[in-house]
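Asks: give the three-dimensional model of this entry:
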Amino acid sequence: MAQKTMTRLSVNINKYALVRNSRGGNHPNILQIAKDCEKFGAEGITIHPRQDERHIRYDDVRPLQEVVTTEFNIEGYPDKRFMEMVLDVKPHQCTLVPDASNQLTSDHGWDTIREKEFLIEVIGRLKEKGIRVSIFLDPLEELVHGAKAVGTDRIELYTGPFAEEFYHDKEKAIEPHIKAAKLANELGLGINAGHDLNLDNLKYYKNHVKNLAEVSIGHAIICDAIYFGLEETIKKYLNELK
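Replies: Modelled structure (predicted):
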């Protein structure tokens, strides 16, 4: 078992479900994938059931909840169906993401100012059930202030633009994340991060974002696993977080 790290690695297993769904049947078996990720050292499992169920399906959620022994994180847009499912399953963490129904992947965070009343209501319902709440957020200080105002426990900083800019100007790419994290720490908000983090940029990001509690990584892990295998890939990511 890999050594535990200060920053937890939660493996998003959506892409394994996408491969399964492309052929029908149950190969790969995502329950076994989740168990193996934990066995290889992952400190959490993340799923993101989208409205079109193109990868994780709603009927996957309860079986996964029954086998995950680390931390179970469910991401998604809080429409009626999603909220009913999460309130019933009661994962350790629910990460709210402002995805449209036809969106390929998450590409922006919440406007915590414009969506204030909606987020207060949704977050309140989740916290009443004892579910820790994180909201997907662009690294802008005014949005961090807004996150505090809506009552979330954590923010998940959207790292897509950071990852894109990293190869051109890493100092410029990380700057807004450092500022957002500093403010979040001052406000008592926990900090997660995710989207396009990989073996090239993960250590740099972790070393510059103070008190980073958790990273959620899916696409990069499955890409690397094609070459290194899943066990070795998870070990490599855990090593970057030490």
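
Asks: give me the nearest residue to the residue positioned nearest the centre of the chain, chain neighbours excluded.
Replies: What sits nearest the mean C-alpha location of the chain, by Cα atoms, centre = their mean, is residue 216, with 3.9 Å. Spatial nearest neighbour of residue 216, excluding adjacent residues (Cβ to Cβ, 6 or more residues apart in numbering): residue 194 at 3.9 Å. All C-beta spots, glycine's among them, are computed from the backbone N, C-alpha and C.

Asks: which strand or helix spans the closest residue to residue 228 other than its chain neighbours?
Replies: Closest residue in space to residue 228, ignoring its immediate chain neighbours: residue 236 at 6.7 Å, by Cβ to Cβ, 6+ apart. Here residue 236 sits within helix 230-240, counting by DSSP states H and E.

Asks: just checking, what packs against that helix?
Replies: Under the contact criterion of 3 or more Cβ pairs under 8 Å, 6 or more residues apart in numbering; DSSP states H and E, helix 230-240 touches strand 8-12, helix 30-39, helix 202-208, helix 219-228.

Asks: quick check: which helices or strands does the next helix or strand after the shortest one pack against?
Replies: Taking DSSP H and E as the definition, the helix or strand that follows strand 8-12 towards the C-terminus is helix 14-23. Using 3+ Cβ pairs under 8 Å, 6+ apart as the contact criterion, the secondary-structure elements in contact with helix 14-23 are helix 30-39, helix 219-228.

Asks: so the nearest residue to residue 190 once chain neighbours are set aside bridges to which residues?
Replies: In space, and not counting its chain neighbours, residue 190 is closest to residue 154: 3.6 Å by Cβ to Cβ, 6+ apart. Beta bridges link residue 154 to residue 134, residue 190, judged by DSSP bridges.

Asks: do I have it right that residue 154 meets residue 132?
Replies: Yes: at 7.0 Å, residue 154 and residue 132 qualify as touching, with contact defined as Cβ atoms under 8 Å.

Asks: residue 34 versus residue 78, what's the distance?
Replies: Distance of residue 78 to residue 34, given as Cβ to Cβ, to the nearest Å: 23 Å.

Asks: pick out whichever of the two has more residues nearby.
Replies: Counted by other Cβ atoms under 10 Å, residue 78 and residue 34 do not tie: residue 34 has more neighbours, with 25 against 21.

Asks: nearest spatial neighbour of the more buried one, chain-adjacent residues omitted?
Replies: residue 45 (4.9 Å).

Asks: low pLDDT regions in this structure?
Replies: 1-5, 100-107 (pLDDT under 70).

Asks: mind checking the longest helix of it?
Replies: Across the chain, the longest stretch assigned as helix under DSSP state H is helix 170-187.

Asks: packing partners for that helix?
Replies: Against helix 170-187 (3+ Cβ pairs under 8 Å, 6+ apart) you get helix 141-150, strand 154-158, helix 160-166, strand 190-194, helix 202-208.

Asks: cool, thanks, signing off.
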